[in-house]
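J.: return atomic coordinates for the entry below.
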Amino acid sequence: MSTSQTSSAKLQRPDGSPVRVLVVDDESNLTELLSMALRYEGWDVRSAGTGLKAVRAAREFQPDAVVLDMMLPDFDGLEVLRRMRADDDAVPVLFLTAKDAVEDRVAGLTAGGDDYVTKPFSLEEVVARLRALMRRTTVVADDSSSLIVVGDLTMDEDSHEVTRGGDEIRLTATEFELLRYLMRNPKRVLSKAQILDRVWNYDFGGQANVVELYISYLRKKVDAGRAPTIHTMRGVGYVLKPAE
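T.: Below you'll find the predicted structure:
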């Protein structure tokens, strides 16, 4: 077993304590292997083998990220995600899916999961994906971060606070990353392929409907009852512009 030793700076919680990761899988050998790899990164790791134990562990442990198998003995990963998000609507979730189960990946992401890896996977890939997910949250501050302002829409990349016209907008980790990409490229039309590559870090097998879904989520939170800032350029992509 090996994990990448060329990873960037050690991730920590804002109070300096280790980040917390919950690993959920009913294969004990896999759970042990993953837990060892994550502890090697200096992270605080707990595991669960059923959906019920996972939900309980999430409430007690309050993880900064969750590695969640889609197939569990009592109820599936989507139900675990739903129950976890009822308690913490922002915790990033990395799904573990079967190699050919494209429908599981689509279901996981459309249900609010943030990323996925397929079995069998490399430990390095899991660690890298978790690092990327946790950097989207408030676990670590980005030294290069700053305030982004587009019209009456404001994003603080440090605190992850988003406001429009002074009203707070609560976003999930993936919604935040998508909005950040749009706000960093105001008035520039971004294709679905560009958004998939930047926000999800891979070409999601042509499943560009995931982008459409998350754009609709953002619109409900950012544009609802207000002049629109997110516009569809039919056949081309999406563009964010100051409201007129």
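J.: contacts, neighbours, all on C-alpha from now
T.: Will do.
J.: so which strand or helix has the closest residue to residue 244 other than its chain neighbours?
T.: Nearest non-adjacent residue to residue 244, counting by Cα to Cα, 6 or more residues apart in numbering: residue 227, 6.8 Å away. According to DSSP states H and E, residue 227 maps onto no helix or strand at all.
J.: would you mind measuring from residue 227 to residue 72?
T.: 44 Å (Cα to Cα, to the nearest Å).
J.: quick revisit: and the residue nearest to residue 244, what pLDDT?
T.: Note on residue 227: pLDDT of 93.
J.: next: residue 156.
T.: Residue 156 is assigned 84 on the pLDDT scale.
J.: grab the nearest non-local neighbour of it.
T.: residue 147 (4.6 Å).
J.: for that neighbour, which residues are in contact?
T.: 154-157 (Cα atoms under 8 Å, 6 or more residues apart in numbering).
J.: strands of the protein, start to end?
T.: 20-24, 44-48, 65-69, 93-97, 115-118, 147-150, 153-156, 161-164, 167-169, 230-233, 237-240 (DSSP state E).
J.: redo the ones you listed as JSON lines? Include distance to residue 223.
T.: Shown next, in JSON lines, are the strands of the chain (distance: least, Cα to Cα, whole Å):
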{"stretch": "strand 20-24", "distance to residue 223": "33"}
{"stretch": "strand 44-48", "distance to residue 223": "38"}
{"stretch": "strand 65-69", "distance to residue 223": "28"}
{"stretch": "strand 93-97", "distance to residue 223": "26"}
{"stretch": "strand 115-118", "distance to residue 223": "25"}
{"stretch": "strand 147-150", "distance to residue 223": "13"}
{"stretch": "strand 153-156", "distance to residue 223": "10"}
{"stretch": "strand 161-164", "distance to residue 223": "9"}
{"stretch": "strand 167-169", "distance to residue 223": "10"}
{"stretch": "strand 230-233", "distance to residue 223": "7"}
{"stretch": "strand 237-240", "distance to residue 223": "11"}
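J.: wait, which of the ones you listed is closest to residue 38?
T.: Nearest to residue 38 among the strands of the chain is strand 44-48; the distance by Cα to Cα comes to 6.9 Å.
J.: can you point out the buried residues in that closest one?
T.: 44-48 (16 or more other Cα atoms under 10 Å).
J.: can you check stretch 77-89 too?
T.: Those would be 77-78, 80-85, 88-89, for stretch 77-89 by 16+ other Cα under 10 Å.
J.: from those residues, which is closest to residue 169?
T.: Looking across the buried residues of stretch 77-89 and measuring by Cα to Cα, the closest to residue 169 is residue 89, at 13.0 Å.
J.: show me what contacts that closest one?
T.: Residues in contact with residue 89 (Cα under 8 Å, 6+ apart) are residue 172.
J.: follow-up on the earlier one: tell me which of residue 227 and residue 72 has more neighbours.
T.: residue 72 (18 against 11; other Cα atoms under 10 Å).
J.: from residue 79, how far out is that one?
T.: Counting by Cα to Cα - residue 72 and residue 79 are separated by 10 Å.
J.: try residue 194
T.: Taken as Cα to Cα, the span from residue 194 to residue 79 is 30 Å.
J.: next: residue 119.
T.: From residue 119 to residue 79 the distance is 20 Å (Cα to Cα).
J.: check the nearest residue to residue 232 once chain neighbours are set aside and give its pLDDT.
T.: Distances taken as Cα to Cα, 6+ apart place residue 238 nearest to residue 232, at 4.7 Å, with adjacent residues excluded. At residue 238, the model reports a pLDDT of 94.
J.: who's in contact with residue 238?
T.: Neighbour list for residue 238: 189-192, 230-232 [criterion: Cα under 8 Å, 6+ apart].
J.: scan those residues and report the most crowded one.
T.: Greatest neighbour count in the contacts of residue 238, by other Cα under 10 Å, goes to residue 230: 23 neighbours.
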